[in-house]
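Engineer: here is my input; please provide its structure:
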Amino acid sequence: QRQTLVPLKTARKNRVPDNSGKPFLYKLVGSIGFSPLASVWMDFLDFTECALASKLSVDTPELITSNWYKKLDQRTMWTQLFIYFCKYRDLSTLYIFPKNN
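Structural biologist: Numbers count the residues shown, from 1 in each chain. As a prediction, the model looks like this:
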């Protein structure tokens, strides 16, 4: 995923704001260049281990990523697990659109 991905299946008119180049928080993780806080990542790894072992549904029906997750080897798509993890802990990813990108 990337910060320009529109996550909502039913609201395709929604777009990620460019925010005039200023940093902003966004609920969808961007896996390229992603650098989480160590404490959050450690909690996420614990969550992932339990979620996979218990076959917890990490479905987020409002996101297209859930469809991808269902079709792929679930152990290889960490991003869907992280999206679910962040959704229920009310976490966001900090983004910035660098000038001249």
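
Engineer: tell me where the model's unsure across the chain.
Structural biologist: Applying pLDDT under 70 to the chain flags residues 1-19, 30-33, 97-101.

Engineer: residues touching the residue most central in space within the chain, list them.
Structural biologist: Nearest residue to the geometric centre of the chain (CA atoms, centre = their mean): residue 29, 3.2 Å. By CB atoms under 8 Å, 6 or more residues apart in numbering, the contact set of residue 29 is 1, 79, 82, 83, 86, 93. (Each C-beta comes from the backbone N, C-alpha and C, glycine too.)

Engineer: what's the answer for residue 36, then?
Structural biologist: Taking CB under 8 Å, 6+ apart as the criterion, residue 36 is in contact with residue 44.

Engineer: what do you get if the cut-off is 10 Å, keeping everything else the same?
Structural biologist: Contact analysis of residue 36 by CB atoms under 10 Å, 6 or more residues apart in numbering lists 29, 42, 43, 44, 82, 86, 91, 93.

Engineer: buried residues in the longest helix seen in the chain, which are they?
Structural biologist: As assigned by DSSP state H, the longest helix anywhere in the chain is helix 38-54. By neighbour count on 16 or more other CB atoms under 10 Å, the buried set for helix 38-54 is 44, 47, 48, 51.

Engineer: can you map out the strands along this structure?
Structural biologist: 24-26, 93-95 (DSSP state E).

Engineer: and the first one, what other elements does it pack with?
Structural biologist: If I follow you right, that is strand 24-26. Secondary structure elements in contact with strand 24-26, counted by 3 or more CB pairs under 10 Å, 6 or more residues apart in numbering; DSSP states H and E, are strand 93-95.

Engineer: likewise the last one?
Structural biologist: Contacts of strand 93-95 with other secondary structure elements, assessed using 3+ CB pairs under 10 Å, 6+ apart, are made with strand 24-26, helix 78-89.

Engineer: for those, which one ends up most surrounded?
Structural biologist: Mean neighbours per residue, mean count of other CB atoms under 10 Å, is largest over the helices and strands packed on strand 93-95 for helix 78-89, with a mean of 18.

Engineer: dump that one to CSV, restricted to CA.
Structural biologist: Output in CSV follows, covering the C-alpha atoms of helix 78-89 (Å, rounded to 0.1, in the frame of the first residue of the first chain):
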residue,chain,number,x,y,z
TRP,A,78,1.3,-8.2,7.5
THR,A,79,-0.3,-4.9,6.4
GLN,A,80,-3.9,-6.2,6.8
LEU,A,81,-3.0,-7.4,10.3
PHE,A,82,-1.5,-4.0,11.1
ILE,A,83,-4.5,-2.1,9.7
TYR,A,84,-6.8,-4.2,12.0
PHE,A,85,-4.4,-3.7,14.9
CYS,A,86,-4.4,0.1,14.4
LYS,A,87,-8.1,0.3,13.8
TYR,A,88,-8.9,-1.2,17.2
ARG,A,89,-6.2,0.8,19.0
